[in-house]
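Participant: what's the 3D shape of this:
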Amino acid sequence: MEATAVASGIAAQRHWFAIRTRSHHEKSVLQQLSGRGIQSYLPVYTAVHQWTNRRRADLDLPLFPTYLFVHIAPQERIRTLVVPGVLNLVGLGREPTPLPDEEIECLRVGLSSRKFEPHPYLVAGARVRIAAGPFAGMEGVVQRRKGCLRVVLTVAFIAQSVAVEVDAEELEPCGSCARC
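Facilitator: Predicted structure coming up:
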């Protein structure tokens with residue numbers, strides 16, 4: 001009975017953390033974390049690559065190179081750090097900093113229903129808030145590309161961004177966004 005109470009207490013303390021991996025090791029780290037029963041999330045996008053022999057292939061590449069996300073309690077961080085390919089939990093100083101659960105959930109739900117691609121990290125531009133759709137409430141920077149309207153959403157803590165196509169009706173001006 002006590003073990004169940006302790007397990008449910010740990011589950012209640014779980015937060016999303018960003019982990020940094022060795023370059024090009026994101027997928028193997030994801031598999032190893034999964035094998036150890038650690039909930040993890042690696043957002044990927046599909047890119048078409050053409051090699052010198054003119055062969056083309058669709059590749060699933062990490063949206064945020066060298067980063068993935070884990071849902072753990074603080075006392076489980078050692079289990080995560082010992083996975084081969086993991087460099088560290090991202091944080092301030094020696095303490096890992098939890099990411100807002102809503103931000104990761106928005107990414108998980110939103111990226112499954114929209115077209116997206118990686119985008120360079122931006123700090124300046126027109127700021128907007130997405131008012132409708134799966135990304136409702138998220139704030140970002142507006143960009144136009146090939147006749148489409150995109151909003152660059154930023155996970156500021158890891159200095160990474162993603163550009164998401166949106167309709168103009170889904171946007172509202174954002175005067176002083178705290179999260180942008």
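Participant: domain parsing for this structure?
Facilitator: 1-99, 100-175 (automatic domain parsing).
Participant: could I get those domains as TSV with mean neighbour count?
Facilitator: Any C-beta I mention is one placed from the backbone N, CA and C, and that applies to glycine too. Below are the domains of the chain laid out as TSV (neighbours: other CB atoms under 10 Å):
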stretch	mean neighbour count
domain 1-99	14
domain 100-175	16
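Participant: could the ones you listed be laid out in TSV, adding mean pLDDT?
Facilitator: Converted to TSV, the domains of the chain look like this (pLDDT from 0 to 100):
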stretch	mean pLDDT
domain 1-99	88
domain 100-175	82
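Participant: how about the closest residue to Pro98 other than its chain neighbours, what does it touch?
Facilitator: Spatial nearest neighbour of Pro98, excluding adjacent residues (CB to CB, 6 or more residues apart in numbering): His15 at 3.5 Å. His15 is in contact with 71-74, 98-99, 101, counting by CB atoms under 8 Å, 6 or more residues apart in numbering.
Participant: Return the subset of those residues lying in strands.
Facilitator: Among the contacts of His15, the subset assigned to strands under DSSP state E consists of 71-72.
Participant: sec struct for Val164, please.
Facilitator: strand (DSSP: H, G, I helix; E, B strand; the rest coil).
Participant: can I assume it is in contact with Arg114?
Facilitator: Yes. Using CB atoms under 8 Å, Val164 is in contact with Arg114, at 5.3 Å.
Participant: intersection of neighbour lists for these two?
Facilitator: Phe135.
Participant: now stretch 80-92, how far from the centre of its chain.
Facilitator: 16 Å (CA atoms, centre = their mean, to the nearest Å).
Participant: repeat for stretch 126-139
Facilitator: The answer for stretch 126-139 is 16 Å, by CA atoms, centre = their mean.
Participant: In contact with Val44, which residues?
Facilitator: 60-63.
Participant: Tell me the one among those residues nearest to Arg108.
Facilitator: Leu63 (11.6 Å; CB to CB).
Participant: separation between the closest one and Pro84?
Facilitator: 22 Å (CB to CB, to the nearest Å).
Participant: just so I have it, where are all the helices in this protein?
Facilitator: 2-13, 26-35, 77-81, 101-113 (DSSP state H).
Participant: Next, the contact list for the closest residue to Arg77 other than its chain neighbours, please.
Facilitator: Computed as CB to CB, 6+ apart, the closest residue to Arg77 that is not its neighbour in sequence is Leu89, at 5.8 Å. Leu89 sits next to 17-20, 77, 80-81, 96 when contact means CB under 8 Å, 6+ apart.
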